[in-house]
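Got a predicted model here, sequence first, then my questions.
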There are 2 protein chains.
Amino acid sequence: MNLPPLVQSFVLHFGEMGSRWGINRTVGQIYALLFVSPAPLCAEEIAESLGISRSNVSMSLRELQAWNLVLLKHKPDDRRDFFTTPDDVWLILRTLAEERKKREVDPTLSVLREILMQRPASEAERHAQLRMGEMHTLIEQLTHWYEDVKQLETERLATLLSLGAKVTKLLEAKDRVVSLGRSRRPNPANKS
Amino acid sequence: MNLPPLVQSFVLHFGEMGSRWGINRTVGQIYALLFVSPAPLCAEEIAESLGISRSNVSMSLRELQAWNLVLLKHKPDDRRDFFTTPDDVWLILRTLAEERKKREVDPTLSVLREILMQRPASEAERHAQLRMGEMHTLIEQLTHWYEDVKQLETERLATLLSLGAKVTKLLEAKDRVVSLGRSRRPNPANKS
DNA sequence: TGGTGATTTCAGAAATTTCTGAAATCACAG
DNA sequence: CTGTGATTTCAGAAATTTCTGAAATCACCA
């Protein structure tokens, strides 16, 4: 591997991290390299910089493309493909979230739903179903929240983030104002 | 593997999922099994139900303990250890978040900070640092938000979730109220 | 059509991770 | 102490994942 020291530390760290996720080391390294490169790189350059085989690069790029994490660029009069990452880190975050949801959350939800449809044949199964029901409910709540906030423009999303828990203060205020007298359900956020 | 069919599907799915995360198949399966079991299980029973070796169970339980994901129980007059998961799925979620942060986010932040301290020795390094700076900022924002909302009681957290993007409506309302007479253009980032 | 270079595929090699059984350790009761 | 059973450790076996080089494919040009 033949890279400026700063870049090298970053790339190596992402390699490590990659293997701690589902992604493998090489994929992580390639991504990191593309992320910090001032200009798009072609496969050959990547193989060169990271000291890995050309074919490995090809397979790993394919993986990254499946994740929608890289962009393809072309230079005039050059038929090689060049690769980058999107500039906007928020966009990268969104993509990551979306893809992980697709691969991890959605299949889990569907397995849970399927199991919950079935009729338990024993006491053990009945209890198991209850537990899975709890898990299912939780995941659905999280998913709904995600589907909801992912619609927000980045600027609003950032505002929301920076407010953090302080929004609950707002909620209390709102409850005081809005729900004079007629709250249907005992709502945790309106201790008056 | 000798389990009621519903439980078996669940356990197998979590095994798959486990390997898609950093956790390995067996660890995922054990966790799933404990999660749905009506009563705590001892290592022997786990090995038995999943058809894996006793020593494998021992190592995997140790891994789960390192993640704070299992609880140890004891029966009177029995010196074996029995294992369960917490009842409260929200608590499980919190633990998971905390541990993943500890293992994935914190080290990344610290690598980034370290790199950002250094003085770039070339144009390429200068650009790389800029990019890493963007990433660092984003991760910090997310982390702060997390540190903030994780303090909330579960009930409040749930309320917040269920509101989702609707809180931005509140924010707008608040902006209208607060900024009466001040700047015309409501700036989303002007919390006092 | 054949030539050129870029890219992908894929079978097997290499590396890594996971799993096991045997031995070691531990905790406690007699 | 000594015996008993539970638990952990760990070296090597087994399984899985990752990586490579050679061959195949592709896209374009003349």
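Great, that's in hand.

Please identify which helix or strand holds the residue in chain A that DNA strand C sits nearest to.
Residue nearest to DNA strand C within chain A: A:Ser55 (3.1 Å; CB to the nearest atom of the strand). C-beta: built from backbone N, CA, C; applies to glycine. Take DSSP states H and E as the rule and A:Ser55 turns out to sit in helix A:54-66.

Quick check: what element follows that helix along the chain?
Counting by DSSP H and E, what follows helix A:54-66 is strand A:71-73.

so what strands line up beside that next one?
strand A:82-84 (antiparallel) (DSSP bridges).

ok, the residue nearest to A:Asn68 when sequence neighbours are not counted - how many residues close by?
Excluding its sequence neighbours, the residue lying closest to A:Asn68 (CB to CB, 6 or more residues apart in numbering or on different chains) is A:Thr95, at 5.2 Å. A:Thr95 has 15 neighbours, counted by other CB atoms under 10 Å in any protein chain shown.

What's the per-residue pLDDT of the residue of chain A closest to DNA strand C here?
For A:Ser55, the pLDDT comes out at 96.

how much space between it and DNA strand D?
Remark: distance between A:Ser55 and DNA strand D (CB to the nearest atom of the strand, to the nearest Å) = 3 Å.

And A:Thr143, by the same measure?
Counting by CB to the nearest atom of the strand, the gap from A:Thr143 to DNA strand D is 26 Å.

got a list of what that residue touches?
Taking CB atoms under 8 Å, 6 or more residues apart in numbering or on different chains as the contact definition, A:Thr143 lies against A:Lys101, A:Val105, A:Leu109.

gap between the host helix or strand of it and the chain center?
Assigned by DSSP H and E, A:Thr143 belongs to helix A:123-149. Between the centre of helix A:123-149 and the centre of its chain there are 20 Å (CA atoms, centre = their mean, to the nearest Å).

what number of residues lie near A:Ser55?
Neighbour tally, A:Ser55, other CB under 10 Å: 10.

So it versus A:Leu34, what's the distance?
18 Å (CB to CB, to the nearest Å).

Burial check on A:Gly15, number of neighbours?
The burial count for A:Gly15: 23, using other CB under 10 Å.

can I assume it is in contact with A:Gly28?
Yes - using CB atoms under 8 Å, A:Gly15 is in contact with A:Gly28, at 4.8 Å.

What residues does chain A have near DNA strand C?
A:19, A:42-44, A:54-55, A:58-59, A:61-62, A:79-81 (CB under 7 Å from any atom of the strand).

Select, from those, the two members most distant in space.
For the residues of chain A next to DNA strand C, the farthest-apart pair by CB to CB is A:Ser19 and A:Arg79; their separation is 33.5 Å.

about what we covered before: so the residue nearest to A:Asn68 sits against A:Gln65, correct?
No - counting by CB under 8 Å, A:Thr95 sits too far from A:Gln65 to count as a contact (11.7 Å).

residue contacts, A:Trp21?
Neighbour list for A:Trp21: A:Gly28, B:Trp21, B:Gly22, B:Glu104 [criterion: CB under 8 Å, 6+ apart].

Selecting buried members of the residues you listed in PyMOL, what would you type?
The PyMOL command for the buried members of the contacts of A:Trp21 (criterion: 16 or more other CB atoms under 10 Å in any protein chain shown) is given here:
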select buried, chain A and resi 28
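
Residues in contact with the helix or strand containing A:Glu114: which ones?
For A:Glu114, the host element (DSSP H and E) is helix A:106-117. Here helix A:106-117 makes contact (CB under 8 Å, 6+ apart) with A:129, A:132-133, A:135-136, A:139-140, A:143, B:6, B:9-10, B:13, B:17.

any idea which element the closest residue to A:Lys150 other than its chain neighbours lies in?
Of all residues not flanking A:Lys150 in the chain, A:Arg94 sits nearest, at 6.5 Å (CB to CB, 6+ apart). Per DSSP H and E: A:Arg94 is located in helix A:89-100.

Read off the pLDDT value for the nearest residue to A:Ser53 once chain neighbours are set aside.
Counting by CB to CB, 6+ apart, A:Ala47 is the residue found nearest to A:Ser53 once chain neighbours are left out, at 6.5 Å. If you check A:Ala47, the pLDDT there is 96.

residues contacting A:Ala47?
For A:Ala47, the contacting residues are A:Ser53, A:Arg54, A:Asn56, A:Val57, by CB under 8 Å, 6+ apart.

my guess is the last one meets A:Ile30, correct?
Spelled out, it's A:Val57. Yes - applying CB under 8 Å, one finds A:Val57 in contact with A:Ile30, separated by 6.9 Å.

the more surrounded of the two?
Neighbour totals were compared for A:Val57 and A:Ile30, and A:Ile30 leads with 30 against 23 (other CB under 10 Å).

Quick check: the more buried one touching A:Asn56?
No - in this structure, A:Ile30 is not within contact of A:Asn56 by CB under 8 Å, at 9.2 Å.

what bits of chain A have low per-residue confidence?
For chain A, residues meeting the criterion pLDDT under 70 lie at A:174-192.
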